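Novice: Okay, sequence plus prediction incoming.
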Amino acid sequence: MSYTPVIGLEIHLQLATATKMFCGCSAAFGGGANTRTCPVCLGFPGALPVPNEQAVVLATRLALALGATVQRRSAFDRKSYIYPDLPKGYQITQQVHPIATGGAVPVGDRAIPLRRLHLEEDAGKSSHGPSSTTVDLNRAGVPLVELVTEPALRSPAEAAAFMKQVRRIVRYLGVSDGNMEQGSLRCDANV
């Protein structure tokens, strides 16, 4: 019996902003561990998050370039996770009302359809050593746009070509540097 893979991707792109998604902390890569944090990105009681306007502009730019429909109304939600590198115990994301829906990414002679694009904040980073685990919260709150494809990819090679095309597009638009080595471009595959 022969099987055809059915692949959908969830791509996380760090947006090219100077500051985090909901606070004024630096979103730059690097720096000493836990030196780019504040009460907002750490989720302290009473801290008030304010959306980063430039992140909204960049996400909208990407949505329009991909032919997506920018929604007249979008909203943020809390999505609960229990990870040691998620200081609030939840992620602020656009689970119900994303910034854009639809669109497609051209790959060869096909257009791979997108389900949605939404804004969210990143978690921190856990590093596992031989005798200890450390948590660096500098990434916590960094602005991301997540692209979710329809389950339309049919091979690992096509998925790789899709990722290369997304990287080219976001770099051209100035939306993200797409540096996989620094975590600016990550992907989860659903097969």
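Specialist: Received the coordinates, thanks. Numbers count the residues shown, from 1 in each chain.
Novice: Contact partners for L62?
Specialist: By CB atoms under 8 Å, 6 or more residues apart in numbering, the contact set of L62 is L13, L117, V145, I169, V170, L173, V175. Using the backbone N, CA and C atoms, a C-beta is placed for each residue, glycine as well.
Novice: Output these as a markdown table; include the columns neighbour count and secondary structure.
Specialist: Shown next, in a markdown table, are these (neighbours: other CB atoms under 10 Å; DSSP: H, G, I helix; E, B strand; the rest coil):
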| residue | neighbour count | secondary structure |
| --- | --- | --- |
| L13 | 25 | strand |
| L117 | 28 | strand |
| V145 | 28 | strand |
| I169 | 17 | helix |
| V170 | 26 | helix |
| L173 | 15 | helix |
| V175 | 24 | coil |
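Novice: and which of those residues is nearest P151?
Specialist: For these, the residue nearest P151 by CB to CB is L117; the value is 16.8 Å.
Novice: returning to that earlier point: could you dump the contacts of L62 into a markdown table with distance to V105 added?
Specialist: Listed next are the contacts of L62 as a markdown table, based on distance: CB to CB, whole Å:
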| residue | distance to V105 |
| --- | --- |
| L13 | 12 |
| L117 | 11 |
| V145 | 13 |
| I169 | 7 |
| V170 | 11 |
| L173 | 13 |
| V175 | 13 |
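Novice: possible to save those residues as a markdown table with pLDDT and distance to E181?
Specialist: A markdown table is the format used below for the contacts of L62 (pLDDT from 0 to 100; distance: CB to CB, whole Å):
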| residue | pLDDT | distance to E181 |
| --- | --- | --- |
| L13 | 97 | 14 |
| L117 | 98 | 24 |
| V145 | 98 | 19 |
| I169 | 98 | 19 |
| V170 | 98 | 15 |
| L173 | 98 | 20 |
| V175 | 98 | 18 |
